[in-house]
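Visitor: here you go, sequence then predicted model.
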Amino acid sequence: MSRASLAADPAASRGREFVQSQDGVRGPRSEFQRDRDRIIHSIAFRRLAGKTQVFIAPDGDHFRVRLTHSLEVAQIGRVIARALGLDEDLTEALCLAHDIGHPPFGHAGEDALHASLERHGGFDHNEHCLRVLMRLDCPYCPHPGLNLTWEMLEGLAKHNGPVEAPGWALSELDADFPLELAQWPSLEAQVAALADDIAYDNHDIDDGLRAGFLQLDDLLTLDFVADQWREIERRFPGQPREALLRELVRGQIGLMVNDLLETTRANTAGIGSAQEVRMAGRALATFSPEMAVQERRLKSFLYQRLYYHDEQKATAERARAVIARLYAAYHQEPALLSAGWRERLPEEEPARSRHIADFIAGMTDHYAMERYRLIFGEVPEGLSNV
């Protein structure tokens, strides 16, 4: 499909924070393809294989982690971008990178770091994603970070919409490389955000059913899910229940994608450029009002029955304690930090505390548990409930 006029154009990119020489350019890639490849080859992306999606340190091989979730988001995002004539590479890169700022143990780890840094500006995984990509993950000699394009960075900063009150991390980065935080982002970034919603809304159902935290009968109290289920039973009589459940998840994704495509095409009628998308004053990639209501009901259901399940809350509380104790230990005895991090530890606050939080945020679940064991002489118990 040809590029739509409102798509981001890699040939017209606003560039990178640090000017690069074209000497030694590897292969005929667009600027956004380079962004995607830098993400995939980064250490921060590889670490997503060991970070919580829904279930902390799951024992089963079939549960999703941040890496597999990000790959699924990227697949959905590319399908939508292709259908709308957007830049698939930018969309894919945004989808792949969107969760890089998550610490170990997901939102439980984030809560612990935010509380530990309360006097020093707090911690936010979205802003930390930019901090990792622009300053902490440094595989290149000439500059810090991955030196991604302006379009990639603004999409990550604003994929949920304009940022009216950025925290310390994003404020510092925006001061160095302004990202026009008050405007809406590209349509590619808006699509990436909704691809994330579509993926976790439906794949978390899959994992919740597999773990036994969700029951099908409860799920079918949602009318639009029940309608899908009845149609699947009609189309595939006598098939095993597990196969029907997989079909339900696929069907839900297709339903939401098709609704998003139809609604976004209507919203963007008359929009002629990527800059007009940014100046529209509202989100243009959206669900229909009817689907938006259903999607909010599904999210509410998942929060009540899965994310805030008693067992999940108990596990999350134990995870928060692990991260809080690690932070306190490193702050009290910096010699416990690994060599490289110990050598770069700033003397003054708040940089000192933020440096310690950066170290912890980069850990995988299992690495955090191993560091805890080495410091406290015991293995943290009860950190896997599936």
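Guide: Okay, I see it.
Visitor: what residues sit buried inside the host helix or strand of Ala44?
Guide: Element membership for Ala44, per DSSP states H and E: helix 43-46. Neighbour-count burial for helix 43-46, counted by 16 or more other CB atoms under 10 Å, picks out Ala44, Phe45. C-beta: built from backbone N, CA, C; applies to glycine.
Visitor: got a list of contacts for it?
Guide: Defining contact as CB atoms under 8 Å, 6 or more residues apart in numbering, one finds that helix 43-46 is touched by Ile39, Leu67, Ser70, Leu96, Ala97, Ile100, Val132, Leu133, Leu136, Asp137, Pro139, Gly362.
Visitor: flag every buried residue along the one helix or strand Ser300 maps to.
Guide: Ser300 belongs to helix 289-302 when assigned by DSSP H and E. Neighbour counts over helix 289-302 (16+ other CB under 10 Å) mark Met291, Gln294, Glu295, Leu298, Phe301, Leu302 as buried.
Visitor: next one: the next helix or strand after that helix to chain centre, how far?
Guide: Downstream of helix 289-302, the first helix or strand assigned by DSSP H and E is helix 310-332. Using CA atoms, centre = their mean, to the nearest Å, the mean C-alpha position of helix 310-332 is found 21 Å from that of the whole chain.
Visitor: can you give me the helices for the stretch 151-300 of the chain?
Guide: Using DSSP state H, counting those that start in this stretch, the helices of the stretch 151-300 of the chain run over 168-176, 187-211, 216-219, 223-235, 241-267, 274-278, 289-302.
Visitor: winner for burial among the ones you listed?
Guide: The highest mean neighbour count among the helices of the stretch 151-300 of the chain, using mean count of other CB atoms under 10 Å, belongs to helix 187-211: a mean of 24.
Visitor: over to the spatially most central residue of the chain: give its phi and psi.
Guide: The centroid of the chain falls nearest to Asp99 when counting by CA atoms, centre = their mean (2.6 Å). Backbone torsions of Asp99, given as degrees, to the nearest 10, read phi -110, psi 10.
Visitor: quick one: pLDDT of the nearest residue to it once chain neighbours are set aside?
Guide: Distance criterion CB to CB, 6 or more residues apart in numbering; nearest residue to Asp99, sequence neighbours excluded, is Arg66 at 4.9 Å. Looking at Arg66, its pLDDT is 96.
Visitor: can you tell me how far Arg66 sits from His355?
Guide: 23 Å (CB to CB, to the nearest Å).
Visitor: from one end of stretch 328-343 to the other, what's the distance?
Guide: Start-to-end span of stretch 328-343 (CA to CA, to the nearest Å) is 18 Å.
Visitor: still on that earlier bit, ok now the helix holding Ala44, how far from the chain's centre?
Guide: 13 Å.
Visitor: ok, now stretch 72-91?
Guide: Per CA atoms, centre = their mean, the centroid offset for stretch 72-91 relative to its chain is 16 Å.
Visitor: show the average pLDDT along that stretch.
Guide: Stretch 72-91 shows a mean pLDDT of 98.
Visitor: list the buried residues in it.
Guide: Buried, per 16+ other CB under 10 Å, within stretch 72-91: 72-74, 76-81, 83-84, 86-91.
Visitor: would you mark the buried spots in stretch 351-360?
Guide: Here stretch 351-360 shows Ser353, Arg354, His355, Ile356, Ala357, Asp358, Phe359, Ile360 as buried, counting by 16+ other CB under 10 Å.
Visitor: all good on my end, thank you.
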